[in-house]
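Enquirer: 3D, please:
(one chain, ligands or ions: 1)
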Amino acid sequence: MSIPDLAVQQAALAMAEALSEGGLITVSTGAGMSRESGIPTFRGAEGVWRTFRAEDVATPQALYGDPALAWQFHDHLRQLVTAAKPHAGHCALAQLAGSLSPSVRLRIVTQNVDRLHEDAGSRDVIHLHGDIRRVVCTACDFQDDAYPVPAPACPPICTCGGLLRPDVVLFGEPLPSEAIAEAWRLAQECSAMIVVGTSANVQPAASLPFVALESGATVVEVNPGETPLSPYAHYTLRGGAATVLPSLLEALCHALSAH
Ligand code: APR
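Expert: Predicted structure coming up:
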């Protein structure tokens, strides 16, 4: 058994131990979760924020000040997202959730706006930062979950004359209050948390693992790189989500059935 395999086994055993009397597994995912599906991350060498400045394209001021530029940026992401398929890590999460004993539950909280967890079959996913595939009107209650990609105009305008926007949380905007309340509850109540592919830089999502740690949960980080969470997580598994998650969840499944 190689050292990485050993680390995966140890993390799975610790999680199963924490879940020995049943309980909740909360999985918190960020942009790195979708990297191997072809969607770039935001930070890091190949991150989106190396090409674009967030303040130019992803703030309310940018959207209303230069809607064509903001839409150019978002439509580029919308095209990548609609072309993307869930990878083995997304699928392993959905499969595990469907095969757990009734006393153990798994819930996913994501910062991603791509719906790949749902495409893989996960249900009740909490979206902290919205859904880029949904478009809403800034003036009336129009919304479309499957708005054409690419958008028919740049920027697209509603039949009411209002500016349309992707239903994502822009920098400086509040998060959907129900989503953040539910995410906080899932962090407080879980016995084990897996944190996948987030640089742990953006609040309030970055606080969720610390809420879980404070509540006594076993916290496992899956990320090829170091993050501010790494020194505090019980286990840090260095690798990509598409390879590490399936091994971790398979090992967890075995460990849970042995308990
Ligand atoms: N598997 C797992 N993790 C990966 C992979 C991979 N294949 N590739 C990269 N990563 C990790 C990186 O090491 C980094 O820690 O994913 C993380 C991506 O970090 P960010 O780009 O900062 O993404 P995220 O934390 O989700 O950003 C939060 O910031 O710009 C906003 O709204 C945007 O939702 C986003 C938020």
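
Enquirer: how far out from the middle of the chain is stretch 28-40?
Expert: 8 Å (C-alpha atoms, centre = their mean, to the nearest Å).

Enquirer: Could you give me the buried positions within that stretch?
Expert: By neighbour count on 16 or more other C-beta atoms under 10 Å, the buried set for stretch 28-40 is 28-37, 39-40. Backbone N, C-alpha and C define where each C-beta goes, glycine included.

Enquirer: Look up how far Gln9 lies from Ala151.
Expert: 47 Å (C-beta to C-beta, to the nearest Å).

Enquirer: May I have the predicted confidence score for Gly44?
Expert: Gly44 is assigned a predicted lDDT (pLDDT) of 84.

Enquirer: typo on my end, Met1
Expert: For Met1, the model assigns a pLDDT of 49.

Enquirer: Could you do the one 10 residues further on as well?
Expert: Listed pLDDT for Ala11 reads 98.

Enquirer: What residues does the stretch 51-200 of the chain have near the ligand?
Expert: Applying C-beta under 6 Å from any ligand atom, one finds that the stretch 51-200 of the chain approaches the ligand through 111, 129, 196-199.

Enquirer: would a markdown table of the buried residues of stretch 28-40 with distance to the ligand, secondary structure and pLDDT be doable?
Expert: Output for these, formatted as a markdown table (distance: C-beta to the nearest ligand atom, whole Å; DSSP: H, G, I helix; E, B strand; the rest coil; pLDDT from 0 to 100):
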| residue | distance to the ligand | secondary structure | pLDDT |
| --- | --- | --- | --- |
| Ser28 | 10 | strand | 98 |
| Thr29 | 8 | strand | 98 |
| Gly30 | 3 | coil | 98 |
| Ala31 | 3 | coil | 97 |
| Gly32 | 2 | helix | 98 |
| Met33 | 6 | helix | 98 |
| Ser34 | 9 | helix | 98 |
| Arg35 | 4 | helix | 97 |
| Glu36 | 5 | coil | 98 |
| Ser37 | 9 | coil | 98 |
| Ile39 | 10 | coil | 96 |
| Pro40 | 8 | coil | 94 |
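
Enquirer: Would you mind pulling the contact partners of stretch 8-17?
Expert: With contacts defined as C-beta atoms under 8 Å, 6 or more residues apart in numbering, stretch 8-17 is touched by 1, 25, 192, 194, 218, 220, 234-235, 237, 244, 247-248, 251-252, 254-256, 258-259.

Enquirer: make it 6 Å
Expert: 192, 218, 220, 235, 247-248, 251-252, 255-256, 259 (C-beta atoms under 6 Å, 6 or more residues apart in numbering).

Enquirer: The residues you listed: which two are farthest apart?
Expert: Ser247 and His259 (19.0 Å; C-beta to C-beta).

Enquirer: In terms of neighbours, single out the busier of these two.
Expert: Ser247 (20 against 13; other C-beta atoms under 10 Å).

Enquirer: check contacts around the more buried one.
Expert: Val8.

Enquirer: so it is in which element?
Expert: Using DSSP states H and E, Ser247 maps to helix 241-258.

Enquirer: in that helix, what counts as buried?
Expert: Neighbour counts over helix 241-258 (16+ other C-beta under 10 Å) mark 241-249, 251-253, 255-256 as buried.

Enquirer: Could you report the pLDDT at Arg50?
Expert: Confidence score, pLDDT, at Arg50: 88.

Enquirer: For the nearest residue to Ala54 once chain neighbours are set aside, which residues are in contact?
Expert: Nearest residue to Ala54, sequence neighbours excluded (C-beta to C-beta, 6 or more residues apart in numbering): Phe171, at 5.5 Å. Phe171 makes contact with 54, 58-59 under the criterion C-beta under 6 Å, 6+ apart.

Enquirer: try Glu36
Expert: Glu36 makes contacts with 87, 240, 242, as judged by C-beta under 6 Å, 6+ apart.

Enquirer: now with 8 Å?
Expert: Glu36 neighbours (C-beta under 8 Å, 6+ apart): 87, 89, 240-242.
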